[in-house]
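Asks: Mind folding the following:
(one chain, ligands or ions: 1)
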Amino acid sequence: MRRFTEEELTQEQVVALMKAALMAPSSKRSTPWQFIVVDDKELLLQLSLCKAQGSQFLADAPLAVVVAADPLASDVWIEDASIAAIYVQLQAEDLGLGSCWVQVRERYTQTGIPSDDYVHNVLNLPLQLQTVCIIAVGHKGMERKPFNEEFLQWEKIHLNRYQEGGQE
Ligand SMILES: Cc1cc2nc3c(=O)[nH]c(=O)nc-3n(C[C@H](O)[C@H](O)[C@H](O)COP(=O)(O)O)c2cc1C
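Replies: The predicted structure is shown next:
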């Protein structure tokens, strides 16, 4: 969901989202992540410019959850942070809210600055953290059809051994 209504989230909703994030599994329970919950309009506007494209809708989201992690705290920090981010998205859906992942890691601003550096600057993040993504969350601003199961790529599912073209 990339379009949201102007309705703010309640404190209970935000707490539920963060609870889900903090309950996400992490390798060896190293919990290398940090979550920055952003509801300040000016900061949301600044974050919306963290990439050349694919991040602009953050400006009109009531909430953004910036997911960052410390690579020195775990060798699988990307997996841990990604799983926690998805937990936030699943919890949002369970609350009847919409969300969208905005990729930050390995991305660049319009002017060629690494998006991670840009986000560090906007949010005053400590140097050891790396931003993985930003999850935009809000009340759904449009109808979206459920996934059309006709387009499921069953050929990507393999039983026991890999078979070119998938299972017969
Ligand atoms: C790792 C990852 C990175 C993504 N990055 C972005 C992004 O930067 N901007 C965006 O609008 N959507 C992003 N998405 C959302 C995907 O585009 C979306 O899940 C996919 O296209 C299916 O949704 P759709 O039907 O709306 O296209 C990302 C999703 C994943 C899993």
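
Asks: distance between the longest strand along the chain and the chain's centre?
Replies: When the chain is parsed with DSSP state E, its longest strand is strand 130-138. With Cα atoms, centre = their mean, to the nearest Å as the basis, strand 130-138 stands 4 Å off its chain's centre.

Asks: cool, and stretch 65-78?
Replies: Stretch 65-78 sits 13 Å away from the centroid of its parent chain (Cα atoms, centre = their mean).

Asks: near the ligand, which residues of this structure show up?
Replies: By Cβ under 6 Å from any ligand atom, the residues of the chain that approach the ligand are 2, 54, 100-103. Any C-beta I mention is one placed from the backbone N, CA and C, and that applies to glycine too.

Asks: in the chain, which spans are helices?
Replies: Here the chain has its helices, by DSSP state H, at 11-22, 41-47, 77-94, 115-123.

Asks: Now the shortest one: buried residues?
Replies: This points to helix 41-47. 43-44, 46-47 (16 or more other Cβ atoms under 10 Å).

Asks: how about the residues you listed in CSV, adding pLDDT and distance to residue 29?
Replies: Output for the buried residues of helix 41-47, formatted as CSV (pLDDT from 0 to 100; distance: Cβ to Cβ, whole Å):
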residue, pLDDT, distance to residue 29
43, 98, 31
44, 98, 32
46, 98, 33
47, 98, 29
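
Asks: Which two among the residues you listed are spaced furthest apart?
Replies: Spatially, the most separated pair among the buried residues of helix 41-47 is 44 and 46, at 7.4 Å (Cβ to Cβ).
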